[in-house]
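Novice: Predicted model, plus sequence, below.
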Amino acid sequence: MAFLSDLLVNLWNWIAVQLDQFLPSWATALVMLFAAAVVIVVFLLLTVMFLTLLERKVVARIADRIGPNRVGPFGLLQPIADTLKLIIKENTEPAKADHPVFRLAPAVVATAALMPYAVIPFGRGMVGSDVNIGVLYVISISSLTVIAVLMAGWGGGNKYGVLGGMRAVAQMFSFEVPLALSIGSVALLTGSLSLVAITEAQRKLWLIVAQPIAFLVYLLCGAAEANRAPFDIPEAESELVAGYHVEYSGVRFAFFYMAEYINMFTTSAMATILFLGGWQGPFVERVPILSIAYFLAKVYGLVFLMIWVRATFPRLRIDQLLDLSWKVLLPLALMNLLVTAVVDKVAAQVRLSSTLTIGVFWGSNLVLVGVVALVLYLSYRRKRARGLNPHYQIHWH
Amino acid sequence: MLKTQTITLNLGPQHPSTHGLFRMVLTMDGETIVCLRPVFGYLHRGIEKLAETRTYLQNIPLTDRLDYICSMTNNLAYVIAVEKLAGIEVPERAEYIRVIMAEFTRVVNHLVAIGALLNDLGTFFTPMLYCLRERERILDLFEMTCGARMTCNYMRFGGVAADLPEEFVPQAREVIAGLYYWVDDLERLLTANEILLVRLQGIGVLPRELAINGSVTGPTLRASGVPYDVRKAKPYSIYDRFDFKIPTLDEGDCYARYLIRLAEIRQSLHILEQALQDLPPGEVQTKVSRLLRPPPGDAYACTESPKGELGFYLVSDGGISPYRFHVRAPTLINLTVLPDLVRGLRIPDLVAIIGSIDIVMGEIDR
């Protein structure tokens, strides 16, 4: 029973012990590290394959359609058919392409997408490597994607690609700043940058309760980082055809496609760890294997939210998007960080009870939201004075 | 200062947002459009020339293929021109059926236009499919009447090809009631959406003067504040018998063009209710020779197609086929103001503008 309750971790340790009997300890460590990498990558690839199906199914239901249902029961084999098709397809390469850059970009984008999972805790005791700067690591790795996207856009020698690449760079840079700031307030409260420690710190209370604004800012910026709708302008189909990966086909295209979905999964996973308590949940102490189920359930909840948004909202324009980042999200995240720091310090000084501290955080967040709403309302009134008006007058003749 | 230079970008002919095969040569300063040169002709099928080699009757299916979304109104404009040329009378019931079909077509067209506009704005097919779902109900009525859903080939000189089946009127009433409800729903879903407002308002403003000088017609013109609708200005068929109003808006931007379509759907539904109410019994077709030989002369008939003023100019030399067959395609003429609308805007705005002026390449290139 004890073995089963923490099945995955115990199985892992058991394999390590078996290997240790006929291998030197350094070789065991090496094999186990390699095995961990393989397990995580394979898990991610399978996840991504079926995420595409999930997205198509959910979008289809929202749009009053059925979605893929031809290949296998409920279309469950559709992702496999799609993958096979992409593998068999020819890798076309434009004559005008910057060949080394063009060929390197898919590899870089896929690597950058997979690397954050080295530090992400999937469950209790299930983490590739508990780095004490885990959050910083994830943020910096996700910036790597920008370079890959620019390489892809530039390397293809296509103007749509260049435009898409430029848009992507502008967008990702702008949204990284509020994203990092919103994570800053989490680090402030938990006192750690390690993802495992942040998860552990949320045993009693998820941080979304104390930091609703940071959560919203993170979710918006995360969607923008992952190029998800309504922030998918770098690859806006109706404008730029496919944006930066317009010239790619076959496996190379599959890499971009995969990276996009992995990024979506990463954003959701990070939001889960930072704000929704990661793998925390009832009975996790007694039955640790539940933790991975809790974690995946929360992540899929957020993924569903992103798919839902994609199926419902129109796309913003690039300048409006950057406006949102620099004029709304950045001041909001900055103010939130400031308020968090002050409240945290003051609460510790006057020895407030933890419930009361949470209440104060809620109050300060509400005040912040109020201030932002007021500022936005004033600018909205200015806009109306300039002639932008949601209520046009229809004349009848 | 860094040295910058403009780039030339070919939008199309293969592009998701050009609604067919349409190419725009853009001169861009970064993402800002400096100059746009439209290039069309990629869907040219020589319909006007082809029509001169076929009999008058054989040309009706050709008109289906002009604006393939609203074949009924194309048929209508053509048969009215031929009737004018040959002096053919139309029975009253046939006139009513024609109006019913034409107004249903207007609803279909505006639904498709709104759906396509939202698609261009980046809503991943959801509003589009909602619109298409409602359109299907109307296409069912078309299919029930003439056997075809899109290329209807239903109007004939001196009437229509077949009488309405018995279950048409009750089902049409049902469809109309559903559409009233559904248009309100669509409006609740979209009209006050913040992203929609910032994407459409103040974008692609077509000033009243430019609209008139460019001889723009249809919803695009009325969104610029000109109350010109052929159904009111030069009533054809029996439009003078119905009570309906022409909506106009002063703003002339993409949002106004979107709103005007919603308003026109409601007006069309109102006309349809009246037409179904008053539908008289009787013949639907006067006897006309299949090998029609109109007397020498010419005739121009213009109608208010959903996209604007659709006119057919026919010259007859007394033979079995028209000597000259000219189409005044509304979207071609509406498209000519495009370069003026997009100057200084960005690609996403261009896409929104094209969606909002509602072009269809089958009609532009013919």
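Specialist: Happy to help now that I have it. Residues are numbered from 1 along each chain as shown, chains lettered A, B, ... in the order given.
Novice: Show me the shaky parts of chain A.
Specialist: A:1-5, A:233-242, A:352, A:380-390 (pLDDT under 70).
Novice: Closest residue of it to chain B?
Specialist: Chain A approaches chain B most closely through A:Arg315 (2.8 Å), counting by C-beta to the nearest C-beta. Where you see a C-beta, it was placed from the backbone N, CA and C, and this is true even at glycine.
Novice: I figured that residue hits B:Gly122, correct?
Specialist: Yes: counting by C-beta atoms under 8 Å, A:Arg315 touches B:Gly122, with 2.8 Å between them.
Novice: ok, back up a step: before we move on, what SS does the residue of chain A closest to chain B have?
Specialist: With DSSP: H, G, I helix; E, B strand; the rest coil as the basis, A:Arg315 sits in coil.
Novice: quick one, phi psi at it?
Specialist: Dihedral pair for A:Arg315: phi -90, psi 150, per degrees, to the nearest 10.
Novice: Neighbours of it, how many?
Specialist: Other residues lying near A:Arg315 total 26 when counted by other C-beta atoms under 10 Å in any protein chain shown.
Novice: OK, contacts around residue 176?
Specialist: Looking at chain A here, since you left the chain open. Shown in contact with A:Glu176 (C-beta atoms under 8 Å, 6 or more residues apart in numbering or on different chains): A:Ile139, A:Ser142, A:Ser143, A:Cys221, A:Glu225.
Novice: wrong one, chain B
Specialist: Residues in contact with B:Ile176 (C-beta under 8 Å, 6+ apart) are B:Leu269, B:Leu272, B:Glu273, B:Leu276.
Novice: What distance do you get for it to B:Val107?
Specialist: B:Ile176 sits 9 Å away from B:Val107, taking C-beta to C-beta, to the nearest Å as the criterion.
Novice: need the contact list for B:Ala113.
Specialist: Here B:Ala113 is in contact with B:Arg261, B:Pro306, B:Gly355, B:Asp358 (C-beta under 8 Å, 6+ apart).
Novice: Please tell me how far the residue in chain B positioned nearest to chain A sits from A:Leu321.
Specialist: Of all residues in chain B, B:Gly122 sits closest to chain A, at 2.8 Å by C-beta to the nearest C-beta. To A:Leu321, B:Gly122 is 12 Å away according to C-beta to C-beta.
Novice: So the two - more neighbours on which side?
Specialist: Between B:Gly122 and A:Leu321, counted using other C-beta under 10 Å, B:Gly122 has the larger neighbour count: 25 against 20.
Novice: May I have the phi/psi pair for the more buried one?
Specialist: Here is the backbone geometry of B:Gly122 (degrees, to the nearest 10): phi 110, psi 10.
Novice: in terms of contact, does it touch A:Pro230 like I think?
Specialist: Yes: B:Gly122 lies in contact with A:Pro230 (C-beta under 8 Å); the separation is 6.9 Å.
Novice: Verify the stated contact: A:Pro314 with A:Asp232.
Specialist: No: between A:Pro314 and A:Asp232 there is no contact under C-beta under 8 Å: 11.1 Å.
Novice: For the lengthiest helix in chain B, list every residue counted as buried.
Specialist: Identified as the longest helix of chain B according to DSSP state H is helix B:92-121. Neighbour counts using 16 or more other C-beta atoms under 10 Å in any protein chain shown place B:93-121 of helix B:92-121 among the buried residues.
Novice: If you count neighbours, what's buried in the helix or strand hosting A:Met264?
Specialist: Secondary structure assignment for A:Met264, by DSSP states H and E: helix A:250-275. For helix A:250-275, burial by neighbour count (16+ other C-beta under 10 Å) applies to A:250-275.
Novice: Following element in sequence after that helix, please.
Specialist: The helix or strand immediately downstream of helix A:250-275 is helix A:290-312, counting by DSSP H and E.
Novice: tell me what the helix or strand harbouring A:Tyr377 is packed against?
Specialist: Following DSSP H and E, one finds A:Tyr377 within helix A:354-386. Identification of packing neighbours for helix A:354-386 by 3 or more C-beta pairs under 8 Å, 6 or more residues apart in numbering or on different chains; DSSP states H and E yields helix A:207-210, helix A:212-225, helix A:330-349.
Novice: buried set for it?
Specialist: Residues A:Thr357, A:Val360, A:Phe361, A:Ser364, A:Asn365, A:Leu368, A:Val372, A:Lys383 are the ones in helix A:354-386 that count as buried (16+ other C-beta under 10 Å).
Novice: so it versus helix A:212-225, what angle?
Specialist: For helix A:354-386 against helix A:212-225, the angle by axes from the mean of the first three to the mean of the last three C-alpha atoms, to 10 degrees is 60 degrees.
Novice: rewinding a little: and A:Pro314 and A:Asp232? Which one has more around it.
Specialist: The residue with more neighbours, out of A:Pro314 and A:Asp232, is A:Pro314; 25 against 21, by other C-beta under 10 Å.
Novice: Touching both of B:Ile176 and B:Val107, which residues are there?
Specialist: Shared contacts of B:Ile176 and B:Val107, counting by C-beta under 8 Å, 6+ apart, come down to B:Leu269.
Novice: beta partners for the closest residue in space to A:Asp319 that isn't next to it in sequence?
Specialist: Spatially, and ignoring its direct neighbours in sequence, A:Asp319 is nearest to B:Arg346 (7.4 Å; C-beta to C-beta, 6 or more residues apart in numbering or on different chains). Beta bridges link B:Arg346 to B:Thr32 when assigned by DSSP bridges.
Novice: quick one, what contacts B:Arg346?
Specialist: A:Arg317, A:Ile318, A:Asp319, B:Glu31, B:Thr32, B:Ile33.
Novice: Give me the phi and psi angles of the third one.
Specialist: Just to be clear, that refers to A:Asp319. When quoted as degrees, to the nearest 10, the phi and psi of A:Asp319 stand at phi -70, psi -40.
Novice: What distance do you get for it to B:Ile176?
Specialist: 42 Å.
Novice: before we move on, the earlier item: any residue of the helix holding A:Met264 touching chain B?
Specialist: No: figure legend: helix A:250-275 not in contact with chain B (C-beta under 8 Å from any C-beta of the partner chain); closest approach 14.0 Å.
Novice: Centre of the chain to that helix, how far?
Specialist: Taking C-alpha atoms, centre = their mean, to the nearest Å, one finds helix A:250-275 lying 6 Å from the centre of the chain it belongs to.
Novice: now the angle between helix A:290-312 and that helix, please.
Specialist: Per the same axes, to 10 degrees, the angle that helix A:250-275 makes with helix A:290-312 is 110 degrees.
Novice: got a pLDDT number for B:Leu345?
Specialist: pLDDT, B:Leu345: 85.
Novice: wait, what's in contact with it?
Specialist: Neighbouring residues of B:Leu345 by C-beta under 8 Å, 6+ apart: B:Thr32, B:Ile33, B:Ile203, B:Gly204, B:Ile353.
Novice: can you do 7 Å?
Specialist: Neighbour list for B:Leu345: B:Ile33, B:Ile203 [criterion: C-beta atoms under 7 Å, 6 or more residues apart in numbering or on different chains].
Novice: leaving aside the residues next to it on the chain, what's closest to residue 267?
Specialist: No chain specified, so I'll use chain A. The shortest distance from A:Thr267 to any non-neighbouring residue, by C-beta to C-beta, 6+ apart, is to A:Gly222 (3.5 Å).
Novice: try again with chain B
Specialist: Nearest one to B:Gln267, counting by C-beta to C-beta, 6+ apart, is B:Phe244 at 4.9 Å.
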